[in-house]
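S.K.: dropping a prediction and its sequence here:
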Amino acid sequence: MRNRLIVALDTDDGEDIDWLSGTLIELVPWVKIGFQAFSTLGTESFPWLSGRGHLIFLDLKFHDIPNTVARDVGTMTKHGAHMINMHASGGLEMMQAARFSADDAADDAGIPKPILLGVTILTSIDEPGFKSSFGSERQLTEQVVFLAKQSKEAGLDGVVASPLEIEPIRKACGDNFLIVTPGIRPKWADPGDQRRITTPAEAINRGADFIVVGRPIIEAEDPLEAAGKILDEMRGM
Ligand code: C5P
């Protein structure tokens, strides 16, 4: 299970990140670097994080014209990000260009190809929020499945989605398509701004390949203990 938990290091404090990563590596290899952490650490942090044993999920949610996203993703691949995401709503062509560029950069550098993920609909958005913000005729889940199928067609390895959408995505995209789920809250944690949430155990039972947890771990008094508790919950203990 330790390879299926990703801890979001959502802070711009370099010392905190250093401390959190140094503490959590005992239990958790995968860390997620978002804009906050990236603004402080830059790509220079990738070698030291990797050297410590971490695997890096670079969560910059790229969304731009195909040429730009292809270059962004190629650059981040070259710097050693192991998992990279982009908004699936950026379109098929954008995602295909990103795949091509990532594979090319990995081949040039002689490193494994990164896992590329499409972000479907953010887990902070619920059905009424989806209707009012997107003005779509579709149900939220239909849109998530549509974006997952587009991501697969573009050659991405999987998607970021709510644990509540795992079943329809599996049905549409098969067992080998990765589903990474944020919006995870153990019963003892504050949901904050997350809406479409489940517990760690429920996400695993529903078939998530990875779960992403931020605040319940990094804001805990003892982050290592919180990570351990979540891993136990994922193991069904
Ligand atoms: O603190 P919390 O556990 O809510 O953190 C979840 C992390 O997952 C955040 O870094 C957030 O940006 C990210 N995320 C998300 N929903 C998505 C994609 C990413 O919550 N659909």
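M.R.: Received, thanks. Residues are numbered from 1 along each chain as shown.

S.K.: neighbours around whatever residue of the chain ends up closest to the ligand, how many?
M.R.: Using CB to the nearest ligand atom, the closest approach of the chain to the ligand is made by residue 214 at 2.6 Å. C-beta: built from backbone N, CA, C; applies to glycine. Counted by other CB atoms under 10 Å, the residues lying close to residue 214 total 19.

S.K.: just residue 25 next, same as before
M.R.: Neighbours of residue 25 (other CB under 10 Å): 15.

S.K.: I figured it hits residue 51, correct?
M.R.: No - taking contacts as CB atoms under 8 Å, residue 25 lies outside contact range of residue 51: 10.6 Å.

S.K.: how far away from the center of its chain is the top strand by length along the chain?
M.R.: Longest strand in the chain by number of residues (criterion: DSSP state E): strand 55-62. Relative to the mean C-alpha coordinate of its chain, strand 55-62 is positioned 7 Å out (CA atoms, centre = their mean, to the nearest Å).

S.K.: pairing partners for it, with directions?
M.R.: With DSSP bridges as the test, strand 55-62 is paired with strand 30-33 (parallel), strand 83-87 (parallel).

S.K.: ok, residue 1 to residue 140 distance?
M.R.: Separation of residue 1 from residue 140 (CB to CB, to the nearest Å): 29 Å.

S.K.: over to residue 60?
M.R.: 24 Å.

S.K.: and the two? which has more neighbours close in?
M.R.: The residue with more neighbours, out of residue 60 and residue 140, is residue 140; 22 against 16, by other CB under 10 Å.

S.K.: per-residue pLDDT, the nearest residue to residue 62 once chain neighbours are set aside?
M.R.: Using CB to CB, 6 or more residues apart in numbering and skipping the chain neighbours, the partner closest in space to residue 62 is residue 86 (4.0 Å). According to the prediction, residue 86 has pLDDT 98.
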